[in-house]
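>>> Give me a model of this one.
(2 chains)
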There are 2 protein chains.
Amino acid sequence: MSKQKGFTLWMTGLSGAGKTTLTTRLVRELRNQGLAIEVLDGDEVRTNLSKGLGFSKEDRDTNIRRIGYVSRLLSRNGVGVITAAISPYRAIRDEVRRSIEVDGAVFIEVYVKCPIPVLAERDVKGLYKKALAGEIKEFTGVSDPYEEPLEPEVVVATNQETVEESAHKIIRALARRGLLRGVENTGQASMPYQRVVDLESPTAEW
Amino acid sequence: MSKQKGFTLWMTGLSGAGKTTLTTRLVRELRNQGLAIEVLDGDEVRTNLSKGLGFSKEDRDTNIRRIGYVSRLLSRNGVGVITAAISPYRAIRDEVRRSIEVDGAVFIEVYVKCPIPVLAERDVKGLYKKALAGEIKEFTGVSDPYEEPLEPEVVVATNQETVEESAHKIIRALARRGLLRGVENTGQASMPYQRVVDLESPTAEW
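Below is the predicted model:
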């Protein structure tokens, strides 16, 4: 078996769009295929790298740069990294992309897309309601900017696709780039449809 | 060639004791042997993970935990990590050790030891003079605590050994633990004696 090529699968999208759900699904699939995978999600990073940071543009940028730095170190050593942070600013995402690509690893930007009305309707934690009512400041997509990716490698529309469908789009993108050790034919053992569960909140996410 | 086993080589010791010099020497040697090595030194970490932290006990602990977290992620994926931070507090070093060992990676604590009078005499940047005169607060070993390791895997006495000798002690410790892919016989191509250059300062180090 040849050495695994490192990559970073960078999920970006609004709170509640499904980044964490998709990540959980992908981790299982990719580890089942024998890949070394690390996840850097909001909670993990907030606890271990970014305690004390807030939601100002500067603090968000710092947080994303830290996730990017760790992703870079892992990716250039042959690990597959999945990040699941809102990462609202395009310039910082692009900066991270360059830092990873310059080391010869692969950066795949996945835009986890869902319209705000749908998110506001899901609104498991009632955060969109509060944000739309002006009660939460710096809530991405409502009272704080979200800059859509211009040329993401993958777009998943979580209001139109099942988690399975979205996961398979991403798996195919990895396969096309030769990141699955030649295992291109995935998905037969795919899990039944799972409901998108919103595990995200502004305190657990970025 | 079998897969490399991950490890963290954790240098601890006072500012100016020689951690960075030793690290530079080891990185060259270990990369020459074909190992994947990452370095987390004071500057690197301060820039990428810990901007804004100071030198209070709490901030130092946070900084060391971040270095430990990244070391853990890398080590458990088969990378050899060398850290070069003062890391004055025993409890945090031991906490990092446990977190790395629990994942099945190897933690090797290297005490880079040098008496303060010798450090004060070297004192390339004049920092010990200032600290001893009471002009620098929170200067480890003078106006801030340094807790010596109780059972480090390796002790190097940089006031009595050449850089080569210290480096070889560490290489042997790695070899004994099977971390050099069976390449036990190192050192023939060793570099000539290098003078210990103090690259460290309280702003560049922890």
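>>> Could you report the distance from A:Arg21 to chain B?
Quick fix: residue A:21 reads Thr, not Arg. 23 Å (CB to the nearest CB, to the nearest Å). Every C-beta, even on glycine, is put in place using the N, C-alpha and C of the backbone.
>>> Need the residues that contact the longest strand anywhere in chain A.
In chain A, assigned by DSSP state E, the strand with the most residues is strand A:106-113. Under the criterion CB atoms under 8 Å, 6 or more residues apart in numbering or on different chains, residues A:5-13, A:17-19, A:22, A:75, A:93, A:96-97, A:100-101, A:148-149, A:151-158, A:166, A:170, A:173-174, A:177, A:179 lie in contact with strand A:106-113.
>>> who does the helix or strand of chain A with the lowest mean pLDDT touch, helix- and strand-wise?
Lowest by mean pLDDT, DSSP states H and E among the helices and strands of chain A is helix A:42-48, with a mean of 81. Applying 3 or more CB pairs under 8 Å, 6 or more residues apart in numbering or on different chains; DSSP states H and E, we find helix A:42-48 packed against helix A:57-75, helix B:57-75.
>>> roughly how far is it from the heart of the chain?
14 Å (CA atoms, centre = their mean, to the nearest Å).
>>> try stretch A:71-82
Worked out by CA atoms, centre = their mean, stretch A:71-82 lies 14 Å from the chain centre.
>>> again with stretch A:165-172
Distance, centroid of stretch A:165-172 to centroid of chain: 13 Å (CA atoms, centre = their mean).
>>> tell me the mean pLDDT for it?
Mean pLDDT, stretch A:165-172: 97.
>>> Give me the subset of the contacts of strand A:106-113 that lies in helices.
A:Lys19, A:Leu22, A:Ser75, A:Arg93, A:Val96, A:Arg97, A:Ile100, A:Glu101, A:Ser166, A:Ile170, A:Ala173, A:Leu174 (DSSP state H).
>>> And those, which is closest to chain B?
Nearest to chain B among the ones in helices among the contacts of strand A:106-113 is A:Ser75, at 10.5 Å by CB to the nearest CB.
>>> That closest one: neighbouring residues, count only.
Counted by other CB atoms under 10 Å in any protein chain shown, the residues lying close to A:Ser75 total 25.
>>> From A:Thr83, how far out is it?
11 Å (CB to CB, to the nearest Å).
>>> ok, for A:Leu150, nearest residue in space, not its chain neighbours?
A:Arg90 (7.0 Å; CB to CB, 6 or more residues apart in numbering or on different chains).
>>> check contacts around the one you found.
A:Glu147, A:Glu148, A:Pro149, A:Leu150.
>>> Could you pull up the contacting residues of the second one?
Shown here is A:Glu148, whose contacts under the criterion CB under 8 Å, 6+ apart are A:Arg90, A:Tyr111, A:Lys113.
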